[in-house]
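> When you get a sec, could you give me coordinates for this:
(chains A and B)
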Amino acid sequence: MKNFGPEAQEKLSAAKVLVVGAGGLGVPVLQYLNAMGIGTLGIVDHDRIELSNLHRQVLYDEGDIGKYKADVAGKKLSAQNSDTEIQVYRMEFKLKNAEALISDFDLVIDATDNFATRYLINDVCVLNGKPFVYGGLYGYEGQVSIFNYENGPSLRCLFPEMPGPDEVPDCNINGVLGVLPAIIGNFQALEAVKLITGIGELSSGKLMIYDGWNQRITKVGIKRVASHFNITELAGHYEEVSVESGITISPEEINKLMLSHRDLMIIDVRENREYNKFHLEGSLNVPLSRLNAELGQIPETEAVLVVCQSGIRSRKAVSILSELKIPIYELKGGINNYLYYADNR
Amino acid sequence: MEILLFGITRDIVGDHTLVWQGAKPESVGQLRKMLIERYPEFQSLSSLAIAVNSELTSEDHPVSDTDELALIPPVSGG
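Below is the predicted model:
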């Protein structure tokens, strides 16, 4: 292949890559880097395989449910390419083991699903002078970049502070279309291959945003901010704080829920203009901003289903509504998810 | 002035783009303040990147009618 000869292949087989997370992003990254002949592949993951993972984590099958992702991935990748040295780390990537885990590797892939680990990967890579390929998902979108490579920027040059626990919902709350992590994970694998072999233009210094809704790619330049590289030790706290949650239900479960709670009240916490565009039949509109003040005016009921546009506001509403001391359900992925379900039924 | 929206900002505004009406912000920092006034949920985003003509810029960077703006929040999913 033009620009990619035996020399490039040699570089791949000499490379040592650590993939943190063997989920939606990690699976395609691992499968392609392994197939292409990366010499050493490390897999860090402490989760077990669940049924709800299978639509996007296509390395795993129904028989793997309940097993550890790192173990199953290691086994399947060895079967895919027996020449790769696969190193399985069935553990959480944490403050106490982060430096030891990355020490033997040249490149780290951030294929995690939470901010705490993403910021820990950033800081430990900056501290130890290792580049990492970043990838993240939200709804129908994904972000990709290379951070801490040569004189390029880091994750903190883009987003200085780690977001709080209830700022941005993750895929488990918000839902993700099965194919999207595969697209973003493959972009990450491509950047890793380019970085290792020295071909092409790297996305260091640029954030690539892929929008699956309209197949549009937006690139934004990121400048290196020197102060974000003054990390002398890992002193931050990288733990996720859990937020109060209701019982999440998917759109197809709404009818069942209405049958089991004849008196179910649906509260839509979006703004009036959003509610007026589309809302669930029989739902009551109380915007999140007024929910606290109007809590006393909500008619007595035996259970509440709270909905919003995407699932973030409903989560905040749950902590307010929990005062009612009745079962609170939240619609996973909000109206966006409901409309998607209705369109594809 | 048209602002491209990404991630959670789409959900907050309820659209993929925001056509800015009324009083115009003069800088990135001013736009940030005005966004919070119009959409209080922006207050809770601790790290919202704002790009002007496809580049992240400083808070005092001027913005004008002809600039292409984008709001880029962090994403956590994987």
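> Return the residues of the stretch 51-200 of chain A in contact with chain B.
A:110-115, A:118, A:135-139, A:141-143, A:157-164, A:166-171, A:174, A:176, A:181 (Cβ under 8 Å from any Cβ of the partner chain). Glycine gets a C-beta too; all of them are placed from N, C-alpha and C.
> run the last query once more with 6 Å
A:111-115, A:136-138, A:143, A:158-161, A:163, A:167-168, A:170-171, A:176 (Cβ under 6 Å from any Cβ of the partner chain).
> Tell me the buried residues within these.
A:111-115, A:136-138, A:143, A:158-159, A:163, A:167-168, A:170-171, A:176 (16 or more other Cβ atoms under 10 Å in any protein chain shown).
> In chain B, which residue is most central in space?
Nearest to the geometric centre of chain B sits B:Leu71, at 3.9 Å (Cα atoms, centre = their mean).
> chain center to the helix or strand of chain B with the lowest mean pLDDT, what's the gap?
Least confident element among the helices and strands of chain B, by mean pLDDT, DSSP states H and E: helix B:8-13 (a mean of 92). Here the centre of helix B:8-13 is set off from its chain's centre by 10 Å, with Cα atoms, centre = their mean, to the nearest Å.
> Contacts made by it with the rest, please.
Here helix B:8-13 makes contact (Cβ atoms under 6 Å, 6 or more residues apart in numbering or on different chains) with A:Val168, A:Gln309, A:Ser310, B:Leu5, B:His16, B:Tyr39, B:Glu41, B:Leu71, B:Pro73.
> thinking again about what came up before, hey, what's the residue nearest to the centre of chain B bridged with?
Here B:Leu71 shows beta-bridge partners B:Leu5, B:Ile50, assigned using DSSP bridges.
> Now do it against chain A, distance only.
According to Cβ to the nearest Cβ, to the nearest Å, B:Leu71 and chain A sit 11 Å apart.
> Report pLDDT for that residue.
Each residue has a pLDDT score; the one for B:Leu71 is 98.
> and the biggest helix by length in chain B, does that touch chain A?
Counting by DSSP state H, the longest helix found in chain B is helix B:28-38. No. Against chain A, helix B:28-38 shows no contacts by Cβ under 6 Å from any Cβ, the least distance being 10.9 Å.
> residues making contact with that helix?
B:Pro25, B:Phe42, B:Gln43, B:Ile50, B:Thr57, B:Glu59, B:His61.
> Can I get it as CSV, trimmed to CA atoms?
Only the C-alpha atoms of helix B:28-38 are listed here, as CSV (Å, rounded to 0.1, in the frame of the first residue of the first chain):
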residue,chain,number,x,y,z
VAL,B,28,-16.8,34.7,23.9
GLY,B,29,-17.1,35.4,27.6
GLN,B,30,-20.1,37.6,27.1
LEU,B,31,-21.8,34.9,24.9
ARG,B,32,-21.2,32.4,27.8
LYS,B,33,-23.0,34.8,30.2
MET,B,34,-25.9,35.4,27.9
LEU,B,35,-26.3,31.7,27.2
ILE,B,36,-26.8,31.1,30.9
GLU,B,37,-29.3,34.0,31.1
ARG,B,38,-31.4,32.5,28.3
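> Check which residues of that helix are buried.
Residues of helix B:28-38 classed as buried under the neighbour-count rule (16+ other Cβ under 10 Å) are B:Val28, B:Gln30, B:Leu31, B:Arg32, B:Met34, B:Leu35.
> Which helix or strand lies directly C-terminal to the helix or strand hosting A:Tyr32?
If you go by DSSP states H and E, A:Tyr32 is part of helix A:26-36. Once the chain leaves helix A:26-36, the next helix or strand it forms, by DSSP H and E, is strand A:40-44.
> angle of the helix holding A:Tyr32 against strand A:40-44?
170 degrees (axes from the mean of the first three to the mean of the last three Cα atoms, to 10 degrees).
> Near chain A, which residues of chain B are found?
Counting by Cβ under 6 Å from any Cβ, chain B sits next to chain A at B:6-8, B:11, B:14, B:40, B:44-47, B:49, B:51, B:54-56, B:74-78.
> any idea which residue sits dead centre in chain A?
A:Asp113 (3.5 Å).
> tell me the SS of that one?
When classified by DSSP: H, G, I helix; E, B strand; the rest coil, A:Asp113 comes out as coil.
> next one: A:Ala100
Using three-state DSSP, the secondary structure recorded for A:Ala100 is helix.
> Provide the count of other residues in contact range of it.
Neighbourhood size, A:Ala100 [other Cβ atoms under 10 Å in any protein chain shown]: 10.
> and it, what is it in contact with?
With contacts defined as Cβ under 6 Å, 6+ apart, A:Ala100 has no neighbours.
> ok, it to A:Tyr89 distance?
Going from A:Ala100 to A:Tyr89 by Cβ to Cβ, to the nearest Å gives 10 Å.
> which one is A:Ala14 nearest to, not counting chain neighbours?
Closest residue to A:Ala14 apart from its sequence neighbours, by Cβ to Cβ, 6 or more residues apart in numbering or on different chains: A:Gly39 at 5.5 Å.
> quick one: that neighbour and A:Leu12 touch, right?
No. Assessed by Cβ atoms under 6 Å, A:Gly39 is found out of contact with A:Leu12, at 7.1 Å.
> longest single helix anywhere in chain A?
In chain A, taking DSSP H as the definition, the longest helix is helix A:179-197.
> Report the backbone C-alpha coordinates of that helix in PDB.
Taking Å, rounded to 0.1, in the frame of the first residue of the first chain, the C-alpha atoms of helix A:179-197 are listed here in PDB:
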ATOM      1  CA  VAL A 179     -23.100   1.200  15.600                       C
ATOM      2  CA  LEU A 180     -21.800   4.600  16.900                       C
ATOM      3  CA  PRO A 181     -19.100   3.300  19.200                       C
ATOM      4  CA  ALA A 182     -17.800   1.100  16.400                       C
ATOM      5  CA  ILE A 183     -17.400   4.200  14.200                       C
ATOM      6  CA  ILE A 184     -15.700   6.300  16.900                       C
ATOM      7  CA  GLY A 185     -13.600   3.300  18.100                       C
ATOM      8  CA  ASN A 186     -12.300   2.700  14.500                       C
ATOM      9  CA  PHE A 187     -11.400   6.400  14.200                       C
ATOM     10  CA  GLN A 188      -9.400   6.000  17.400                       C
ATOM     11  CA  ALA A 189      -7.700   2.800  16.000                       C
ATOM     12  CA  LEU A 190      -6.900   4.700  12.800                       C
ATOM     13  CA  GLU A 191      -5.300   7.600  14.700                       C
ATOM     14  CA  ALA A 192      -3.300   5.000  16.800                       C
ATOM     15  CA  VAL A 193      -2.000   3.300  13.600                       C
ATOM     16  CA  LYS A 194      -1.000   6.700  12.100                       C
ATOM     17  CA  LEU A 195       0.700   7.800  15.200                       C
ATOM     18  CA  ILE A 196       2.700   4.600  15.500                       C
ATOM     19  CA  THR A 197       3.700   4.300  11.900                       C
END
